[in-house]
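>>> mind folding the following:
(one chain, ligands or ions: 1)
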Amino acid sequence: MTTPTGINLTPFCSQTGRIEYARPLRVAGVGALATDKHIVVVALDHPKLSEFRIAYPNVYPKLHRALSDMKLRAPYQSDQPSTRLDAMHLDPTPACDECHGMGLVNEARGAWCTACFGTGVTYVPIAVGAAHFQLFYLNLMAMHLPHCTLQLPTDHCLGDHRTSKPTPFVFEGGYGWLAACDPKKAGARA
Ligand SMILES: [Zn+2]
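The predicted model follows:
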């Protein structure tokens, strides 16, 4: 599990807004971490760890709280049903119709496309177990995280509020959580 990996964490960082999450972080005792609030990726032994900004608990209190909360409430359980991302045969994420994948509606003025919240991709909910996840994130994980395995969400672990509940996953060299998405309503990437 602790093979040094040169995983590219930048695609999992916040692409719009949230400047404090725009780059991977270093969390003491945890490793390298990237998040955009919908997904959290922890790389255990990242070769660029020393280059990442340290996420001190007093500067990133919410992050530290969320991390310990997820470790406690949604740990990955290897004896529970799970699915390998590379066995899911995912379609490519379609580009946004409004901005044609640019993420901007007026390039000269640099205005964010409101249809896709600047992501450039279409919101596509994919059913996995009892929940849905955005195709965009599943594709990112399949592309960047080697041998990624997602715990199958169940009614039991999701409770009444399926949307945004974290579901744990593991990969060669790390672990993380992905938020479930609303199967009907279009949503934003943070
Ligand atoms: Zn768009």
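
>>> got the buried residues for the helix or strand hosting A66?
For A66, the host element (DSSP states H and E) is helix 61-73. Within helix 61-73, the residues scored as buried using 16 or more other C-beta atoms under 10 Å are 63-64, 66-67, 70. Backbone N, C-alpha and C define where each C-beta goes, glycine included.

>>> need the helices for this structure, in chain order.
61-73, 135-144, 155-158 (DSSP state H).

>>> out of those helices, which comes closest to the ion?
Distance to the ion, taken as C-beta to the ion, is lowest for helix 135-144 among the helices of the chain, at 12.2 Å.

>>> is that closest one anywhere near the ion?
No. Legend: contact between helix 135-144 and the ion by C-beta under 5 Å from the ion is lacking; minimum distance shown is 12.2 Å.

>>> tabulate the CA atom coordinates of that helix in PDB.
Below are the C-alpha coordinates for helix 135-144, written out as PDB (Å, rounded to 0.1, in the frame of the first residue of the first chain):
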ATOM      1  CA  LEU A 135     -19.300  10.300 -14.200                       C
ATOM      2  CA  PHE A 136     -16.700  13.000 -14.300                       C
ATOM      3  CA  TYR A 137     -15.300  11.900 -10.900                       C
ATOM      4  CA  LEU A 138     -15.400   8.200 -11.700                       C
ATOM      5  CA  ASN A 139     -13.500   8.900 -14.900                       C
ATOM      6  CA  LEU A 140     -10.900  11.000 -13.000                       C
ATOM      7  CA  MET A 141     -10.400   8.200 -10.500                       C
ATOM      8  CA  ALA A 142     -10.200   5.500 -13.200                       C
ATOM      9  CA  MET A 143      -7.600   7.600 -15.100                       C
ATOM     10  CA  HIS A 144      -5.300   8.800 -12.300                       C
END
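
>>> now for it, which elements pack on it?
strand 39-43, strand 125-128, strand 174-179 (3 or more C-beta pairs under 8 Å, 6 or more residues apart in numbering; DSSP states H and E).

>>> rewinding a little: and the angle for the helix holding A66 with strand 174-179?
Per axes from the mean of the first three to the mean of the last three C-alpha atoms, to 10 degrees, the angle that helix 61-73 makes with strand 174-179 is 100 degrees.

>>> that's all I had, so thanks and see you.
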